[in-house]
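Participant: Pasting the sequence and the predicted model now:
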Amino acid sequence: MFYSSIRKVDFHLAVLLCMGIAFFIIKCIVTYPIKYVGHADAAAYAEMADSLIHGRGFSVDYISWYFEKYDPKIVRPEDHWPPLYSILIAPFFPIFGKTAFAAKLPSLIISCLLLPVVIYYLTKEISGSKFAGLAAGAGILLYPFFFRWSLHCLSDILFTFVVCSAVLFAVKSLDNPLYFYFLGVFMGLAYYAKGSGLVIIPGFALFYLIAYKSIKKVIMDRRIWISFLIAFLVLLPWFIRNYIHFRDPLYSTQRFAAGYIGYQSWETGTYGLYWGERPPPSYFDKFKEIPVFQTEIKLGEEIDDKIRQEFKNHGISLSEEASLSVKRDKWLLEDDIIYTIRREDGLLNVYKGGLVHVIDMTKEYLEAYFWWTFIDIYSQWGKYSSIAFLTYFINIPSLLGLFLLWGNPKRHIVWITTLLLILFLSAGWSPINRLAMPMISLMMSLGWSTYFVVIKFLASLTGKIPFRKVNIRKFIRSVNKRDILEKDINKTLMVLSKTFYFVKNKLSVDIIAGFVLCCLAMPVIVISTENVDAAIRKSGYPYREGAQEWMDMGRWLRENATPDSITMTRNPWELHFYSEQPAIQIPRTTLEKTIEVMRYYKPNFIIPQLDIRPSLKSLVEGKVPGLELVYDNKKLKLYKIRYDLLP
């Protein structure tokens, strides 16, 4: 009984799980002492989880931006970040308290114990090899980029896990109908992890169409329809919630970001004030080419005084950081707004937006996501980091796998999902390398599958080599060696001959290929481990404490201000995490408009950061009265707002 049970154990999976447990312990040791929860997204996920456990649902009492004019009481339904990661955090807060470690635990668990296992099974399904599955799972577990981001309170690792799980269940559903139901659940969960999860759903319909090779078969297979119905039912509660609050089941303020990315700077577009002055931008707004002005000035390769003066003459003030560059045979002037400057009829015409600009930006973003997915996650197009090998060594072969695995329909969902994500992110979002995690994971699975197929084919050729017929003595004499050398070579070749004969007759081709694959994986494992170790020893956040000034500021407010005090700040998320008091964003606008926002929400304090909110300079310097310094931690200053002095 014992030995029969032992035979049923998947030792490859057991090895991977042991590695995962070891890395989970290491990650816990690294993250447990760190008190900083993280910036923006990270703190926002943690705050939504805190609202959940206190019975406030998915509501928060801080304001991140001004796409909408929220109620002056500030409490509002979260309208930007999806809820799944916050739901996973919620059970850990009652156990460990509201700490950064508790907020990061879901990411640690998924990265060490769930994602590698999913990649293992996916690779095994595609390649038919447990060795390939182990190489892929270990690669994901050890990959330095994944290791680093798994230490953050972010949903990227979770989204990667959900997407890869959906792909796995789609692959397994071809052999076992039970997995159609799991597929439906994870298609729905993908949207709860990230808004881009909706994009991959049509890809599964395309996958079944390719796998079945018949539209009629797809239409007649009710299991496919049931899986999509399950996905819809999973999504329905969130759709209803959004409709109740926003009259739009798909509402998210992320849609506005798609309207200014590549057209306005992130700071201006995200934190601008849209109250009645202008509607929030949409994706299609970028396609409208708006002429700004025309000039006869000859354009050099630097922004000189004449160019600045010409913009100023047309009512456009450029910042000191404004930069001019040539991209795709046109000039781009990058400031708060990105201007396109083209030579037409001997004149220089300045535009905002336009179809040509959107196409160029999309091409540029497409290059970035392609480079990160297949060549090097750490660098930009045409450049290589010191550990680019970890990406291109595995992921470039995945492109060959699309053809070498031609007879395997399971591979199709891997490239379909990857392609959909790359195209969507290139068209609707700016390049952020952590968003490439799902694509990298899927291509690693396909890459190791390709390696195994190629090695297995080469190993099968050894069976056709007539080792026993090699005339060793004749071979040695043909190269005219001395007797003593002849004996040494003769002995060596005899050993090799017997070894190959043993391999040929005693070992299966799969075992040979698996052994060679493990040898190929060794440099990946060694390089990855060395880089992870170096990062743990030398790098800053998330391996060491970060943003101490924000934690100190939040604690000071909690200890010295009343619980209902409101603070105006560029970073309302992490400040709220430590102060547990309402906070609102400082809009990127004029001082007059900022004061208008102050009078609407009545904040008690403000933390001005002049490098990113320069309009506050005259207020901070006292030229405009209204502020009183109450706390200074050397990096951040807290001022009390004196409404009796404000103009």
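Facilitator: Yes, it's here.

Participant: Any stretches of the protein with poor pLDDT?
Facilitator: 1-8, 276-277, 297-307, 320-321, 324-335, 346, 462-509 (pLDDT under 70).

Participant: Nearest the geometric middle of it, what residue?
Facilitator: With distances taken as C-alpha atoms, centre = their mean, the residue of the chain nearest its centroid is L435 (2.3 Å).

Participant: For that one, give me its contacts.
Facilitator: Shown in contact with L435 (C-beta atoms under 8 Å, 6 or more residues apart in numbering): D156, S196, Y369, L425, W429. Glycine gets a C-beta too; all of them are placed from N, C-alpha and C.

Participant: what's the spacing between it and V75?
Facilitator: As judged by C-beta to C-beta, to the nearest Å, L435 and V75 stand 30 Å apart.

Participant: mind checking the SS state of the residue lying closest to I536 once chain neighbours are set aside?
Facilitator: If the residues on either side of it in the chain are set aside, I536 comes closest to Y543, at 5.5 Å by C-beta to C-beta, 6 or more residues apart in numbering. Under DSSP: H, G, I helix; E, B strand; the rest coil, Y543 falls in the coil class.

Participant: same check, this time on the one 10 residues further on
Facilitator: For M553, the assignment made with three-state DSSP gives helix.

Participant: M437 too?
Facilitator: Under the three-state scheme (three-state DSSP), M437 adopts helix.

Participant: State the distance from it to V163.
Facilitator: Taking C-beta to C-beta, one finds M437 at 9 Å from V163.

Participant: Quickly list what's touching both of those two.
Facilitator: With C-beta under 8 Å, 6+ apart, M437 and V163 have no common neighbours.

Participant: How about the backbone phi and psi for A49?
Facilitator: phi -60, psi -40 (degrees, to the nearest 10).

Participant: now the helices for the stretch 301-450 of the chain?
Facilitator: Applying DSSP state H, counting those that start in this stretch to the stretch 301-450 of the chain gives helices spanning 305-313, 355-374, 389-404, 412-428, 437-461.

Participant: Go through those and pick out the most buried.
Facilitator: The highest mean neighbour count among these, using mean count of other C-beta atoms under 10 Å, belongs to helix 437-461: a mean of 24.

Participant: on contacts alone, who are the packing partners of it?
Facilitator: Secondary-structure packing of helix 437-461 (3 or more C-beta pairs under 8 Å, 6 or more residues apart in numbering; DSSP states H and E): helix 115-127, helix 130-142, helix 144-149, helix 156-173, helix 355-374, helix 389-404, helix 412-428, helix 509-538.

Participant: how about 6 Å then?
Facilitator: Counting contacts by 3 or more C-beta pairs under 6 Å, 6 or more residues apart in numbering; DSSP states H and E, helix 437-461 packs against helix 115-127, helix 130-142, helix 156-173, helix 355-374, helix 389-404, helix 412-428, helix 509-538.

Participant: need those helices in CSV with distance to F287, can you?
Facilitator: Shown next, in CSV, are these (distance: least, C-beta to C-beta, whole Å):
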stretch, distance to F287
helix 115-127, 38
helix 130-142, 38
helix 156-173, 28
helix 355-374, 5
helix 389-404, 32
helix 412-428, 12
helix 509-538, 42
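
Participant: To P249, which of the ones you listed lies closest?
Facilitator: Closest approach to P249 among these (C-beta to C-beta): helix 412-428, 18.6 Å.

Participant: if we look at that closest one, which residues are touching it?
Facilitator: 167, 170, 196, 199-200, 203, 206-207, 210, 258, 362, 365-366, 369, 402, 435, 438-439, 442, 446 (C-beta atoms under 6 Å, 6 or more residues apart in numbering).

Participant: Now do that helix and helix 437-461, the angle between them.
Facilitator: For helix 412-428 against helix 437-461, the angle by axes from the mean of the first three to the mean of the last three C-alpha atoms, to 10 degrees is 150 degrees.

Participant: by how many degrees do helix 412-428 and helix 389-404 diverge?
Facilitator: 120 degrees.

Participant: Spatially nearest residue to P144, not counting backbone neighbours?
Facilitator: Closest to P144 by C-beta to C-beta, 6+ apart is N531, at 4.3 Å.

Participant: Could I get the contacts of L435 in a markdown table, plus columns for distance to G514?
Facilitator: Shown next, in a markdown table, are these (distance: C-beta to C-beta, whole Å):
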| residue | distance to G514 |
| --- | --- |
| D156 | 31 |
| S196 | 36 |
| Y369 | 32 |
| L425 | 35 |
| W429 | 39 |
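
Participant: Need the max-distance pair from those residues.
Facilitator: D156 and Y369 (14.1 Å).

Participant: I595 falls within a strand, correct?
Facilitator: No. I595 is assigned helix when assessed by three-state DSSP, not a strand.

Participant: List the contacts of it.
Facilitator: Residues near I595 by C-beta under 6 Å, 6+ apart: L646.

Participant: Quickly note the distance from it to F131.
Facilitator: 66 Å.

Participant: that older thread, closest to I607 out of the helices and strands packed on helix 437-461?
Facilitator: For the helices and strands packed on helix 437-461, proximity to I607 was assessed by C-beta to C-beta; helix 156-173 is nearest, at 28.2 Å.
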